[in-house]
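Undergrad: sequence plus the predicted model coming up.
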Amino acid sequence: MQLPRNVKRGIGLFVDVVSITVAMVTAYLLSFDAIMPLKWSQWMILGGLVLCATLLAFIRFGLYRAVVRYVGFKVLSLVFVTVIFSGAFLVIGALVMGIALPVSAVVNYVLLAFLLTGGSRLIVREGYQRAMSRKKDRVLIYGAGSAGRQLAQALNNGGEFHPVMFADDDSSLQDTSVLGMSVIKPGRIEKAVYDADIQRVLLALPSTPRSRRREILEALESLPVKVQTVPGMADMVNNEMSIDQLQDIRVEDLLGRDPVTPDARLMEKHITGLTVLVTGAGGSIGSELCRQILLQRPKVLVLYELSEFALYSIERDLIDICEQQGIGAEVIPVIGTVQRRNRIETVLKSFNVDTVYHAAAYKHVPLVEYNMVEGVRNNVFGTWHTAEAAIAAGVKQFVLISTDKAVRPTNVMGTTKRLSELVLQALALRQSETRFCMVRFGNVLGSSGSVVPLFKEQIERGGPVTVTHPDITRFFMTIPEAAQLVIQAGTMGHTGSVFVLDMGESVKIVDLARKMIRLSGLEEKTEKNPHGDIAIEFTGLRPGEKLYEELLIGDNVEASDHARILRANEQSLAWSDMQLLLEKLDDTCQRFAIDELRDVLLKAPTGYKPTDDRICDVIWNKHRTCEDKSDDADVA
């Protein structure tokens, strides 16, 4: 039960009265050989005066306003200063009253008064912390450096976690004591977890490379503890997050892929001091492109987006960045669709745009399978109309954001993206005023369609975690790294070039799910472990989905000026052939002839090989069902 503040102050005052009285009496008894009535009475009067003066000094210094459970050096130093003042008052009072006061009496009084008044506060603090620590999660902090020490101090003052010990890679810190806690070798963590009943491991390694973090996480993965981490150094330096704002392990740490520092020369080449337009500016990739572009200080950044809310959100975000970093770029939000050539052309001409990053596309594989016409219209014709508008407006650079699903596609979405590449390659052959290039990469972590946030949400709900197939793999990259590489790739090669980002090693999705479960301190529920926490369910491949993604159609690749960017040499079409293909696509879309549209896609030089013969378009299938019912009714 919490006592009122005034009651707590009253208790503190009473304890100090007793402490000072005991100190005074003990000092008297230790300092005089015999108890003489006169001296005893004088001592009592002097003691009463000293007691009142000391309590008034305690009140004046605000010691009764201090929260005892947080007593630290500052409070103890004030207690010491007050006790010294009390000893001085004792000496002056004795001189005034004509009492022969031995020096030992003053020394004994000061030492005892400080020991009792300061010690009582420390005892209360320690008792409170011990009682509260029983209710807290016992944690081990990996990293005994500056971040680890700050974290331990912050957690000691909080109500959730009780730091028990440190672990550190630095041999000079191992087998020592930091903040009263032992520092152990990483190899002894497993034993410590069981012996000390550790419930969480907190990584205080804000500056450690991801490759090393991955090694640490793999070592901790099998332990029955939840693993969390402190914010990155950049977040703390910018005051965006504090050291004790713990985060769940990020998937980029599990992948262990250290980002390459972007080349400043390539980053600014087609941006700094120029007018840049980004289509799909409110999407996962588009919004990060806008942030990275803004940091290169363009003259004007035009945000072209169909979704009103997405456009509003990214505009506010970019304006905040401008204010915080003193960037003088003009940010212009424009609502529009890439399917209307006159709209995008008017925008490009009105702002005299120099560079276009075309990120607008429908990217969700099953949804495009269910809505084939809109997928073709937005991805293929949207790219074509935007590119033709760029040529008409005299845009110098045009960069298409493509995907690994465009390589030997098994779905409509991947096929439309490969067709988009072919459109730009054909336009690059038709004219030379506007330079076209395409950048192809895999999945980005944290995007709207990524499995990572889905897995996290499913784990928090208690499962099950759903995976389409036990053998499915994907390439992953962080959104900031992908955006930086896109910008740099857009400055390389000749017009019509297709660039491929080095995505590292492909990741088995079920292994990723298992890692996320284990690092949440939970166990996978299986037939062999029926008492586990989270089950993994395999739901089967979705329409158009394939097990493995590729980044190259062939092996004919060239190195570029960047270690993680390759240039692919792939088949292209002459503009006359591409134009005939676009006319066929337009005709089938206009007539909503989905079966014919599928045939056109199959015959196009994209390598499209669907996983089955079904047409998944929901409207097409609804029409077919209605027609079948109508035919049955006519027969009846």
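TA: Thanks, I have the structure now.
Undergrad: neighbours around Gly87, how many?
TA: 22 (other Cβ atoms under 10 Å). Quick note: C-beta positions are derived from backbone N, CA and C, even for glycine.
Undergrad: now it: how far from Ser19?
TA: Taking Cβ to Cβ, to the nearest Å as the measure, Gly87 falls 14 Å from Ser19.
Undergrad: give the next helix or strand downstream of the strand or helix carrying Ser120.
TA: Using DSSP states H and E, Ser120 maps to helix 103-133. Going down the chain from helix 103-133, the next helix or strand is strand 137-142, by DSSP H and E.
Undergrad: kindly export that following strand (C-alpha atoms) in PDB.
TA: Only the C-alpha atoms of strand 137-142 are listed here, as PDB (Å, rounded to 0.1, in the frame of the first residue of the first chain):
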ATOM      1  CA  ASP A 137      12.400  -9.600 -15.100                       C
ATOM      2  CA  ARG A 138      16.000 -10.700 -14.400                       C
ATOM      3  CA  VAL A 139      18.200  -9.600 -17.300                       C
ATOM      4  CA  LEU A 140      21.700 -10.000 -18.500                       C
ATOM      5  CA  ILE A 141      23.200  -7.100 -20.500                       C
ATOM      6  CA  TYR A 142      25.400  -8.100 -23.400                       C
END
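Undergrad: so where's the stretch 151-300 of the chain uncertain?
TA: Applying pLDDT under 70 to the stretch 151-300 of the chain flags residues 159, 231-247, 249-259.
Undergrad: please apply the same query to the stretch 1-150 of the chain.
TA: For the stretch 1-150 of the chain, the ranges with pLDDT under 70 are 1-10, 12-13, 32-40, 43, 62-76, 119, 122, 124-135.
Undergrad: can we see that at 90?
TA: By pLDDT under 90, the low-scoring segments of the stretch 1-150 of the chain are 1-139, 141, 143-150.
Undergrad: could you pull out the helices for it?
TA: 5-31, 37-60, 73-97, 103-133, 146-156 (DSSP state H, counting those that start in this stretch).
Undergrad: which residues sit against the third one?
TA: It refers to helix 73-97. The contact list for helix 73-97 (Cβ atoms under 8 Å, 6 or more residues apart in numbering) reads 20, 42, 45-46, 49-50, 53-54, 57-58, 61-63, 66, 100-101, 106, 109-110, 113-114, 117-118, 121-122.
Undergrad: just the buried residues from those, in ChimeraX please.
TA: Of these, the buried ones can be selected in ChimeraX as follows, counting by 16 or more other Cβ atoms under 10 Å:
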select :20,42,46,49,50,53,54,57,58,61,63,66,101,106,109,110,113,114,117,118,121
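Undergrad: rewinding a little: using TSV, please lay out the helices of the stretch 1-150 of the chain together with distance to Pro480.
TA: Formatted as TSV, the helices of the stretch 1-150 of the chain follow (distance: least, Cβ to Cβ, whole Å):
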stretch	distance to Pro480
helix 5-31	48
helix 37-60	55
helix 73-97	42
helix 103-133	39
helix 146-156	22
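Undergrad: highest mean neighbour count out of these?
TA: With neighbours taken as mean count of other Cβ atoms under 10 Å, those reach their highest mean count in helix 146-156, at a mean of 20.
Undergrad: so which bits of the helix or strand hosting Arg418 are buried?
TA: Following DSSP H and E, one finds Arg418 within helix 412-430. By 16+ other Cβ under 10 Å, the buried positions in helix 412-430 come out as 412-429.
Undergrad: do stretch 400-407 as well
TA: Going by neighbour count (16+ other Cβ under 10 Å), the buried part of stretch 400-407 is 400-407.
Undergrad: tell me how far it lies from the chain's centre.
TA: Stretch 400-407 sits 26 Å away from the centroid of its parent chain (Cα atoms, centre = their mean, to the nearest Å).
Undergrad: and for stretch 222-231?
TA: Distance, centroid of stretch 222-231 to centroid of chain: 15 Å (Cα atoms, centre = their mean).
Undergrad: and that stretch, C-alpha only, in CSV?
TA: Taking C-alpha atoms only, stretch 222-231 is exported to CSV below (Å, rounded to 0.1, in the frame of the first residue of the first chain):
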residue,chain,number,x,y,z
SER,A,222,18.8,-21.8,-28.5
LEU,A,223,18.4,-20.2,-25.0
PRO,A,224,15.0,-19.9,-23.3
VAL,A,225,15.2,-16.1,-23.1
LYS,A,226,13.8,-13.2,-24.9
VAL,A,227,16.5,-11.2,-26.7
GLN,A,228,16.1,-7.4,-27.2
THR,A,229,18.4,-4.6,-28.2
VAL,A,230,19.0,-0.9,-27.4
PRO,A,231,18.4,1.6,-30.2
